[in-house]
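Undergrad: Sharing a sequence plus its predicted fold:
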Amino acid sequence: MVKVSKLYEDRYGQSSKLDFSKMIIPDLLESIISRASIRKFSDKPISKELLTLLLTAAQSAPSKSNLQQYSILIMQDKMLKLKVGELIGETKWALSSPVFLLFLADIRRNMKVTKEKGYEYKNNNVDTFMNAVIDASLSMQSLICAAEASGLGVCPISMIRNIIDEIKILCKLPKGVFPIAGLAIGWPAEKAPVSIRMPQSITIHNDYYNEEHLNVKINDYDERVYKIAPITDKKQRHVNIYGVSEKGTWSENVARQLSVPERNDFRKWLKSHGFKLE
Ligand SMILES: Cc1cc2nc3c(=O)[nH]c(=O)nc-3n(C[C@H](O)[C@H](O)[C@H](O)COP(=O)(O)O)c2cc1C
């Protein structure tokens, strides 16, 4: 039987003061806590039946007012996957997974429904945009949980948004529909390490937002991660601008990443693609 305290320790790189010893947890909870992104897959296919159930899990996620403002595109065509793989550069590996999905925020369908029923659509705004992104994200996460509980490995791919114009054309995405992320899915051909997360003392707030001693807590977290899984020179961000950091810590990498704008013209792109963001 799985030791719950070990699951906790692996996730946070430190033990808890709580006594988990009497806890028996469902397999799904173990799967969720012990997961890690997988970037190497075997050639073994995923059956149509299993994929259909995974998509059913995706559609079982909660949805804002049950508006279901998302779609999922299964990239099946070999030539299409090859083409996207060529375009996406170093993330090419993701397209060689047995199944590659695009999770799409989709405000288009309900615009049509509204019009079809003879009403005027008056919700092309930031709130609807956000609800559509949340719907798509929750459906992706539901599918991730289902896939990982079934023994599959996955990796979300936001790099897809770096080639969003090409994806738009290749996948014929109409206005009001855009990919929040791709998802590579397959049977794992690697054992990936569990990534150590920030302690609950940083991310969980009781009754009010509390930033007390944040620097100290982040330093502690950095040291813990650095001891177990330092960020290698190769994985450090923007080495071409800042050089190799002496100490590959989480916060150094975050700061470096966020000091350089990423996809800065995305708002403009969305506006040109049917999202008014009013
Ligand atoms: C929205 C989203 C987009 C992501 N995009 C990529 C990506 O383009 N390439 C990649 O290798 N990993 C990508 N990831 C995976 C993250 O790098 C990974 O979740 C993170 O490093 C934590 O590791 P873990 O999933 O193993 O816990 C993405 C994750 C999310 C949630």
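TA: Received the coordinates, thanks.
Undergrad: gap between the longest strand along the chain and the chain center?
TA: Identified as the longest strand of the chain according to DSSP state E is strand 177-186. A distance of 9 Å separates the centroid of the chain from that of strand 177-186, by Cα atoms, centre = their mean, to the nearest Å.
Undergrad: Can you tell me, leaving aside adjacent residues, what's nearest to residue 180?
TA: Take residue 180 and drop its neighbours on the chain: the residue closest to it by Cβ to Cβ, 6 or more residues apart in numbering is residue 136, 4.7 Å away. (Each C-beta comes from the backbone N, C-alpha and C, glycine too.)
Undergrad: which residues touch the one you found?
TA: 69-70, 103-106, 180 (Cβ atoms under 8 Å, 6 or more residues apart in numbering).
Undergrad: Using a markdown table, lay out those residues together with distance to the ligand.
TA: Below are the contacts of residue 136 laid out as a markdown table (distance: Cβ to the nearest ligand atom, whole Å):
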| residue | distance to the ligand |
| --- | --- |
| 69 | 18 |
| 70 | 14 |
| 103 | 9 |
| 104 | 14 |
| 105 | 12 |
| 106 | 17 |
| 180 | 7 |
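Undergrad: Out of these, list just those in helices.
TA: Using DSSP state H, no member of those falls in helices.
Undergrad: As a markdown table, these with pLDDT, distance to residue 236 and neighbour count would be great.
TA: Converted to a markdown table, those look like this (pLDDT from 0 to 100; distance: Cβ to Cβ, whole Å; neighbours: other Cβ atoms under 10 Å):
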| residue | pLDDT | distance to residue 236 | neighbour count |
| --- | --- | --- | --- |
| 69 | 98 | 38 | 25 |
| 70 | 99 | 35 | 27 |
| 103 | 99 | 29 | 27 |
| 104 | 99 | 33 | 22 |
| 105 | 98 | 32 | 25 |
| 106 | 99 | 37 | 22 |
| 180 | 98 | 27 | 21 |
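Undergrad: so can I have TSV of those residues showing distance to residue 77?
TA: Below are those laid out as TSV (distance: Cβ to Cβ, whole Å):
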residue	distance to residue 77
69	26
70	22
103	18
104	17
105	23
106	21
180	21
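Undergrad: all helices for the chain, in order.
TA: 4-12, 27-33, 48-59, 78-87, 108-116, 126-149, 164-170, 200-203, 214-228, 239-242, 250-258, 266-272.
Undergrad: Find the nearest non-adjacent residue to residue 30, please.
TA: residue 2 (5.3 Å).
Undergrad: Please read the previous query as pertaining to residue 192.
TA: Nearest one to residue 192, counting by Cβ to Cβ, 6+ apart, is residue 36 at 3.9 Å.
Undergrad: How far off centre is stretch 166-186?
TA: That offset, for stretch 166-186, works out to 15 Å (Cα atoms, centre = their mean).
Undergrad: measure it end to end?
TA: Distance across stretch 166-186, first residue to last, is 25 Å (Cα to Cα, to the nearest Å).
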